[in-house]
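*Asks:* Got a predicted model here, sequence first, then my questions.
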Amino acid sequence: MRGLILDGGLRGTGATDAARQAVVELLEGRGWKVDSVTLAEQKIAYCLGCFECWTKTPGICRIDDDGREVTAAMLASDLVVYLSPVTFGGYSSALKKALDRSICLVSPFFTRIDGEVHHRARYAHYPSVLGVGVLAAPDPAQEEIFGHLIVRNAINLHAPTCGSCVVYTGQSAAAMTAAMDKAMAELAVPAIERVLEGSR
């Protein structure tokens, strides 16, 4: 099994370092091959919103930079970890920019998934998604938003399953690992089922 960590930590902050190490050790301890990309160190331009990756060069962004390699690596993985400082419940700018560039992984055409309208899948295989957010201290509102964002993005990406957790700056490695281990257990439940359970 191949795991890819998209580390959205911002340059010079070190905010995600401990969490990244905990994820690597957890996955490698389970026999996963793990690759990690520090997004702030990559040359990734902002999505232009031109939709050429849907119409002119299906599946390939017109911008020839590291964003192409990151997107290809996502598709080649069995699990993608969205690791990010939590910003108003969302992702860091570095992770958001990379994920915006991944719209080429889905089709411009639409389908219904349990009554909801989503883009069709372009490929036969998509990775599961594990979201790991980092906060300075517990913040229930931001944590709830982060969890919903992971589920919704997983559905849009046709991820077979997803899970999420939030860890805290200065938290022990054991506590981080326990939170991540619990989130990994969530990978047994399809993303759309989480939405349907929440609406009941």
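*Replies:* Yep, it's here. Numbers count the residues shown, from 1 in each chain.
*Asks:* so what pLDDT did the most centrally placed residue in the chain get?
*Replies:* By CA atoms, centre = their mean, the chain has its centre lying nearest to Y82, at 3.3 Å. With respect to pLDDT, Y82 has a value of 98.
*Asks:* Now do the contacts for it.
*Replies:* 6, 8, 91, 95, 99, 129-132, 150, 153 (CB atoms under 8 Å, 6 or more residues apart in numbering). The way it works is simple: take the backbone N, C-alpha and C, and place the C-beta from them, glycine included.
*Asks:* Okay, and it sits in which element?
*Replies:* strand 79-85 (DSSP states H and E).
*Asks:* do the same with H148
*Replies:* Going by DSSP H and E, H148 is in helix 140-156.
*Asks:* follow-up on the earlier one: so what are the sheet partners of the strand holding Y82 and their directions?
*Replies:* Strand 79-85 has the following strand partners under DSSP bridges: strand 2-7 (parallel), strand 128-135 (parallel).
*Asks:* so which of those strands is the most packed in?
*Replies:* When these are scored by mean count of other CB atoms under 10 Å, the highest mean neighbour count falls to strand 128-135 (a mean of 25).
*Asks:* Compute the distance between the residue nearest to the centre of the chain and S36, please.
*Replies:* Distance, Y82 to S36, using CB to CB, to the nearest Å: 12 Å.
*Asks:* Check V189 and give its pLDDT.
*Replies:* 77.
*Asks:* Repeat that for G198.
*Replies:* Value listed for G198 in the pLDDT field: 58.
*Asks:* Go through the host helix or strand of K97 and flag the buried ones.
*Replies:* Using DSSP H and E, K97 sits within helix 93-100. Using 16 or more other CB atoms under 10 Å as the test for burial, helix 93-100 gives 93-99.
*Asks:* Same list, the residues you listed, but as TSV with pLDDT and distance to Q42 please.
*Replies:* Formatted as TSV, those follow (pLDDT from 0 to 100; distance: CB to CB, whole Å):
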residue	pLDDT	distance to Q42
S93	97	13
A94	97	8
L95	98	11
K96	98	14
K97	97	10
A98	98	8
L99	98	13
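*Asks:* circling back to that earlier point, so which of the strands paired with strand 79-85 gets nearest L75?
*Replies:* strand 2-7 (9.7 Å; CB to CB).
*Asks:* got the angle for the helix or strand just after the closest one vs strand 2-7?
*Replies:* Using DSSP H and E, the helix or strand that directly follows strand 2-7 along the chain is helix 17-29. With axes from the mean of the first three to the mean of the last three CA atoms, to 10 degrees as the basis, helix 17-29 and strand 2-7 are set at 180 degrees to each other.
*Asks:* Need the contact partners of helix 17-29.
*Replies:* Counting by CB under 8 Å, 6+ apart, 3, 5, 7, 9, 34, 36, 79, 81, 83, 130, 132, 134, 167, 169, 171, 173, 176-177, 180-181, 184 sit against helix 17-29.
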